[in-house]
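[1] Mind looking at a prediction? Sequence and model below.
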Amino acid sequence: MLFKQNRNTQKSTYYFIVSFLLCLSSSSFATDGLYAGPVRIGGAARVNYSYRDWDEDYKEQGEFGLDTLRINLDLKTNNLIGSLEYRYYRDKHADGHDYHMLHHGWLGWEEKDWQVQVGVHQVPFGILPWASHNYFFQMAYYVGLEDDYDFGVKYIRDSGPWNVQLAYYVEDEGSWGGDSDDSARYSIDPVDEGGAGTEEQHQGNIRVAYTVEHSETHTSEFGASLQVGGLHNENSGDDGTHYAAALHLNETCGRWNLMLEALRYEYSALSGDPGGGRTITMGSYDYSYNVAAAGNIYSAGVAYGLPVEWGPITKLTFYNDFSILQKDDDAFSDSMQNILGCSVSAGRFFTYIDIASGKNQPWLGPNWTDGLGQGGDDGWSTRFNVNIGFYF
């Protein structure tokens, strides 16, 4: 067992992390932040506990350890703006697997109603910044269509109730430091792992959203997104295309929030790719897996925010997020996930407490390589997860 084999080490790690976070939380740095001229320096440290009912290494007591360290630099001087975030991750604490990557890094120019960003930034697609309330996102994230980041230029314009975003991406954000060949990255992309050789390039995005203000506490955002791009296979030199389209509703009424999204995606078949047009190899967090080359994703999430005054705790948010990937290939089994949970806001600490269940979902079940591809008949698996973060 991971926990039993390293009980003393994990206890020491636990006490060190807790002491470190408590020292940070009591410092003036945590309260005021740190500035170097027009640049604000921030970051986060997160720890994670995970229990997985399908994994023998986690079944007895689970695993607790360091999850993420990150550094943030945010620039604002007159009209010049910019943002950079770099992350370090650690998992499989018994084996000491760690990796690091650029989350985003861009410079831009901002006027009253518009701005331009150049660099690695969030792709404008679907509900922004996320279509979910939980730690694990929705199913769209795992096929690269939620919280995705690529390298290019983006134009954002706000005009009354309208928000319009146009973007062109030369390529993905690249792979950084890890054990994999091409998957040491934050967002999920087609990757060159296992001889796949396929990568995305020359992608265009348009996202249009319209917000109706029913009252001061009730708004409805209706949106549509379109993404079209190219694919290139290094093995054969073959070129192809990929596209995705989405409709969404983001409704806030008092303490309630409802997020609905429906999307369609498709990757064309390329010679030289071992997926044969049925699957495409995608990766992130230093791992890769197969994804159905075409399908529809439907997601629904509801949340209720409850203000409280419990010492440092100021808000509890209860939520349930469900999503399903219906694959075009009749021989494939659909993938589903449901996350029931609560987030806790306490000053600069933010905690996710999730009961995450999945079927044919690599991060929430035993079928890692083909869960989002061919799938299988393994049924539902459940992961209990607690992520505690200190943000400054």
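    That came through fine.

[2] so how many other residues sit close to residue 195?
    By other Cβ atoms under 10 Å, 12 other residues sit near residue 195. Every C-beta, even on glycine, is put in place using the N, C-alpha and C of the backbone.

[3] Ignore what I typed, I meant residue 330.
    Neighbours around residue 330, by other Cβ under 10 Å: 5.

[4] what does the one 4 residues further on give?
    Residues contacting residue 334 under the criterion other Cβ under 10 Å number 14.

[5] What of residue 161?
    By the other Cβ under 10 Å criterion, the neighbourhood of residue 161 contains 13 residues.

[6] If we ignore the residues flanking it in sequence, what's nearest it?
    residue 211 (4.8 Å; Cβ to Cβ, 6 or more residues apart in numbering).

[7] Is the one you found bridged to anything, and to what?
    Judged by DSSP bridges, the bridge partners of residue 211 are residue 221.

[8] residues in contact with it?
    161, 163, 219, 220, 221, 222 (Cβ atoms under 8 Å, 6 or more residues apart in numbering).

[9] So the fourth one sits against residue 251, correct?
    Just to be clear, that refers to residue 220. Yes - taking contacts as Cβ atoms under 8 Å, residue 220 lies within contact range of residue 251: 5.0 Å.

[10] how far away is the most centrally placed residue in the chain from residue 140?
    For the chain, the residue nearest the mean C-alpha position is residue 147 (4.9 Å; Cα atoms, centre = their mean). According to Cβ to Cβ, to the nearest Å, residue 147 and residue 140 sit 9 Å apart.

[11] who's in contact with the nearest residue to residue 83 once chain neighbours are set aside?
    In space, residue 83 comes closest to residue 74 once its chain neighbours are excluded; the distance is 5.1 Å by Cβ to Cβ, 6+ apart. Contact analysis of residue 74 by Cβ under 8 Å, 6+ apart lists 39, 40, 42, 82, 83, 84.

[12] So, low pLDDT: which residues of the stretch 1-150 of the chain?
    In the predicted model, the stretch 1-150 of the chain carries pLDDT under 70 at residues 1-32, 92-95.

[13] How are the helices of it distributed by residue range?
    Here the stretch 1-150 of the chain has its helices, by DSSP state H, counting those that start in this stretch, at 2-5, 7-25, 28-32.

[14] Report the backbone C-alpha coordinates of the helix or strand where residue 258 lies in CSV.
    Using DSSP states H and E, residue 258 sits within strand 256-267. These are the backbone C-alpha positions of strand 256-267, laid out as CSV (Å, rounded to 0.1, in the frame of the first residue of the first chain):
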residue,chain,number,x,y,z
TRP,A,256,-28.0,29.5,-7.1
ASN,A,257,-26.0,28.9,-10.2
LEU,A,258,-26.9,26.6,-13.1
MET,A,259,-24.5,25.7,-16.0
LEU,A,260,-25.7,23.8,-19.0
GLU,A,261,-23.5,23.0,-22.1
ALA,A,262,-23.9,20.8,-25.2
LEU,A,263,-21.0,20.4,-27.6
ARG,A,264,-20.0,18.4,-30.6
TYR,A,265,-16.3,17.6,-31.6
GLU,A,266,-14.6,15.6,-34.3
TYR,A,267,-11.0,14.7,-35.4
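
[15] helices or strands up against that strand?
    The helices and strands touching strand 256-267, judged by 3 or more Cβ pairs under 8 Å, 6 or more residues apart in numbering; DSSP states H and E, are strand 239-253, strand 294-310.

[16] Determine which of these approaches residue 359 most closely.
    Proximity to residue 359 (Cβ to Cβ) singles out strand 294-310 among those, at 14.3 Å.

[17] thinking again about what came up before, residue 389 versus the residue nearest to residue 83, what's the distance?
    From residue 74 across to residue 389, the span is 18 Å (Cβ to Cβ).

[18] cool, residue 356 as well?
    From residue 356 to residue 389 the distance is 17 Å (Cβ to Cβ).

[19] Give me the more crowded residue out of the two.
    Set side by side, residue 356 and residue 389 give different neighbour counts by other Cβ under 10 Å, the larger being at residue 356 (24 against 19).

[20] surely that one meets residue 132?
    No - using Cβ under 8 Å, residue 356 makes no contact with residue 132, being 11.2 Å away.

[21] which helices and strands sit right next to the helix or strand hosting residue 288?
    Per DSSP H and E: residue 288 is located in strand 287-292. On a contact count with 3+ Cβ pairs under 8 Å, 6+ apart, strand 287-292 meets strand 279-284.

[22] Residue 80 bridge partners, please.
    The partner residues for residue 80, given DSSP bridges, come to residue 77, residue 109.

[23] brain fart, residue 245
    Beta-bridge partners for residue 245, by DSSP bridges, are residue 226, residue 264.

[24] Could you report the pLDDT at it?
    For residue 245, the model assigns a pLDDT of 99.

[25] To what extent is it buried, counted in neighbours?
    If you count neighbours by other Cβ under 10 Å, residue 245 ends up with 15.

[26] I figured it was touching residue 228, is that so?
    No - applying Cβ under 8 Å, one finds residue 245 not in contact with residue 228, separated by 9.1 Å.

[27] for the residue nearest to residue 195 when sequence neighbours are not counted, what are its contacts?
    Nearest non-adjacent residue to residue 195, counting by Cβ to Cβ, 6+ apart: residue 274, 6.0 Å away. Residues in contact with residue 274, defined by Cβ under 8 Å, 6+ apart, are 194, 195, 196, 281.

[28] Identify the bridge partners of the nearest residue to residue 173 once chain neighbours are set aside.
    Excluding the flanking residues, the one nearest residue 173 by Cβ to Cβ, 6+ apart is residue 120, at 4.7 Å. Note on residue 120: beta-bridge partners by DSSP bridges are residue 105, residue 151.

[29] Residue 120 contacts residue 102, correct?
    Yes - applying Cβ under 8 Å as the test, residue 120 and residue 102 come out as touching, 6.2 Å apart.

[30] list residues touching both of these two?
    In contact with both residue 120 and residue 102: residue 173, using Cβ under 8 Å, 6+ apart.

[31] Which residue of those two possesses the greater neighbour count?
    residue 120 (24 against 20).
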